[in-house]
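*Asks:* Make a model of this:
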Amino acid sequence: MANPYFEKVRHSARNRNSGFAVDGKVSILFIGEPFNHTLRAKFGEQWTDYDDENKNLNGFFCATDRFRDRVHRVTLRPHPSEDPCKYIDAARPFHERLPIMQSNKPLFDDIAQHDAVVGIESMALVVATIMRKPAFSCVTGRPWKISLPHREIVHISDYDTVFERVLSND
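*Replies:* So this is what the prediction gives:
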């Protein structure tokens, strides 16, 4: 039986743009989600073996900075339960060098207007795969297996890999 939501996503994807790569530069959509509590629940005392939200986010910005000559833009999409300023504050040290913006557009539009989607365990990664966009689950530090069973979602533990893979598909 077909999933009605996924069918809506497939239909919607047909009617949207397929990305906005500009002059060989890529656009990345970063899907925010509060995951420190998830780490604590999954790993108990060992949760500190993994990078927390701040380190993970900083790792994303540092990798973006290293690849800045090939990045058209980065869009931060906070989770609905998060403070909208969380990502803007974390991005502040990079604003001078990086094209960073924040969005609250409809999810389909955000995904359609980017070349790749990065998150952790968000349903937005599943939506990205349905829309035929590269989707990456990344928690820096020690690798871990996410609960989303979709093999199209690439599991990685460093953000440089996101940029290397997306840019190699140009």
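
*Asks:* Quickly note the distance from residue 48 to residue 60.
*Replies:* Residue 48 sits 20 Å away from residue 60, taking CB to CB, to the nearest Å as the criterion. Every C-beta, even on glycine, is put in place using the N, C-alpha and C of the backbone.

*Asks:* Between those two, tell me which one has more neighbours.
*Replies:* Between residue 48 and residue 60, counted using other CB atoms under 10 Å, the more crowded position is residue 60 (24 against 12).

*Asks:* What residues does the residue nearest to the more buried one when sequence neighbours are not counted make contact with?
*Replies:* Residue nearest to residue 60 in three dimensions, not counting chain neighbours: residue 159, with 5.0 Å by CB to CB, 6 or more residues apart in numbering. By CB atoms under 8 Å, 6 or more residues apart in numbering, the contact list for residue 159 reads 59, 60, 62, 63, 64, 118, 138, 140.

*Asks:* Restrict those residues to the buried ones and give me that as a ChimeraX selection.
*Replies:* Here is the ChimeraX command that picks out the buried ones among those, judged by 16 or more other CB atoms under 10 Å:
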select :59,60,63,64,118,138,140
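
*Asks:* Among the contacts of residue 159, name the ones in strands.
*Replies:* Here DSSP state E is the test, and these give 118, 138 as lying in strands.

*Asks:* Make a markdown table out of the contacts of residue 159 and add distance to residue 85.
*Replies:* Below are the contacts of residue 159 laid out as a markdown table (distance: CB to CB, whole Å):
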| residue | distance to residue 85 |
| --- | --- |
| 59 | 20 |
| 60 | 17 |
| 62 | 20 |
| 63 | 22 |
| 64 | 19 |
| 118 | 20 |
| 138 | 22 |
| 140 | 22 |
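
*Asks:* wait, which of the contacts of residue 159 is closest to residue 100?
*Replies:* residue 64 (8.0 Å; CB to CB).

*Asks:* Report the residue spans of the protein with pLDDT below the cut-off.
*Replies:* Scanning the chain for pLDDT under 70 picks out the ranges 1-22, 49-51, 142-144, 170.

*Asks:* bridging residues for the residue nearest the centre of the chain?
*Replies:* In the chain, the residue lying closest to the centroid (CA atoms, centre = their mean) is residue 118, at 1.8 Å. Following DSSP bridges, residue 118 is listed with bridge partners residue 30, residue 136.
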